[in-house]
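1. Let me see the structure of the following:
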Amino acid sequence: MLPIRDRNPTDTFPYITYMLIGINVLVFLFELLLDSFGQLNAFIGTWGMIPSQIMDGNRLFTLLTSMFMHGGFMHIFGNMLYLYIFGNNIEDTLGHLGYLAFYIFSGLCASLLHILLVTNPNVPTLGASGAIAGVLGAYLILFPKAKVDTLVFFFFITWVTIPAFALLVFWFFLQLFSGALSIVSTGSTGVAYFAHVGGFIAGALIALPFRGRVSPIREPRRFRTFSREDEDYWY
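-> Modelled structure (predicted):
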């Protein structure tokens, strides 16, 4: 399932969400430039998070820098799509600076669980997935009934509108199952599934105290119609 958009308007402009997307895209473009000069591996080795080094207390700054690096077009596209769809509502709820702190903390929690359960601690880890998983966990707690337009791939492609609860629970258990499978299998998938799990759980727990502060979900006003009997209109 691939989400396309949610139907959950906000009251504030998501400055931090767009800033995070912009930084990630700029870093990825820089990675492409380095790759054209054959210097990408050195860049990843310097700024990517290597679990064995973190466990030794070295290069702790990479816990942060690795959150803004990606390994390919599909990697950054998927991450930025989820951040774009779900980040604005969490930013609207937590406030701009609170949301930024939440995002970074979720990413750190994601890295921690990955470090504890990784099978090859010498492989660099990079990506915003853990922090964005925190956003998804918070969204599940705060807006479980929000409608999400989703593409479903199952023998054929179809467009459905489903509650956020269905999409995000499916996503979480897919990560959990894939992570468990990666531990028992002999090969490496190259995906830090338990970072996703750790970020998601952290985001959900942080969001719990904010449940009572969330405004009721409003359907977006997209269409404008008029009636002789009723002067109200949607736009």
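2. Show me the strands in the protein, by range?
-> In order along the chain, the chain carries the following strands (DSSP state E): 2-7, 147-154, 156-163.
3. Adding mean neighbour count and distance to G57 as columns, could you present these in a markdown table?
-> C-betas here are computed from N, CA, C, even on glycine. Converted to a markdown table, the strands of the chain look like this (neighbours: other CB atoms under 10 Å; distance: least, CB to CB, whole Å):
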| stretch | mean neighbour count | distance to G57 |
| --- | --- | --- |
| strand 2-7 | 16 | 39 |
| strand 147-154 | 14 | 42 |
| strand 156-163 | 11 | 44 |
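4. just so I have it, where are all the helices in the protein?
-> Counting by DSSP state H, the segments of the chain that form helices are 15-36, 40-47, 51-55, 62-65, 73-94, 96-117, 129-142, 164-184, 193-207.
5. contact partners of the first one?
-> Residues outside helix 15-36 that contact it (CB atoms under 8 Å, 6 or more residues apart in numbering): 40, 43, 68-70, 76, 79-80, 83-84, 87-88, 91, 96-97, 99-100, 103, 128.
6. if we go to 6 Å?
-> Counting contacts by CB atoms under 6 Å, 6 or more residues apart in numbering, the residues outside helix 15-36 that touch it are 40, 43, 68-70, 76, 80, 87-88, 91, 96, 99-100, 128.
7. cool, and the second one?
-> When contacts are taken as CB under 6 Å, 6+ apart, the neighbours of helix 40-47 outside the stretch itself are E31, L34, T65, P124.
8. Look at the nearest residue to the third one once chain neighbours are set aside and say how many residues are nearby.
-> The reference is to T65. Of all residues not flanking T65 in the chain, W47 sits nearest, at 4.4 Å (CB to CB, 6 or more residues apart in numbering). When neighbours are defined as other CB atoms under 10 Å, W47 has 19 of them.
9. Okay, W47 and L126: tell me how far apart.
-> Distance, W47 to L126, by CB to CB, to the nearest Å: 8 Å.
10. same question, F170
-> Taking CB to CB as the measure, F170 and L126 are separated by 25 Å.
11. State the distance from the nearest residue to L2 once chain neighbours are set aside to N58.
-> Nearest-residue entry for L2: L151, 4.4 Å, with adjacent residues in sequence omitted and distances by CB to CB, 6+ apart. Relative to N58, L151 is positioned 43 Å away (criterion: CB to CB).
12. Does P3 have any beta-bridge partners, and if so which?
-> T150 (DSSP bridges).
13. tally of neighbours for the closest residue to G127 other than its chain neighbours?
-> The shortest distance from G127 to any residue that is not its chain neighbour, by CB to CB, 6+ apart, is 5.7 Å, and that residue is H70. A total of 22 residues lie near H70 under the criterion other CB under 10 Å.
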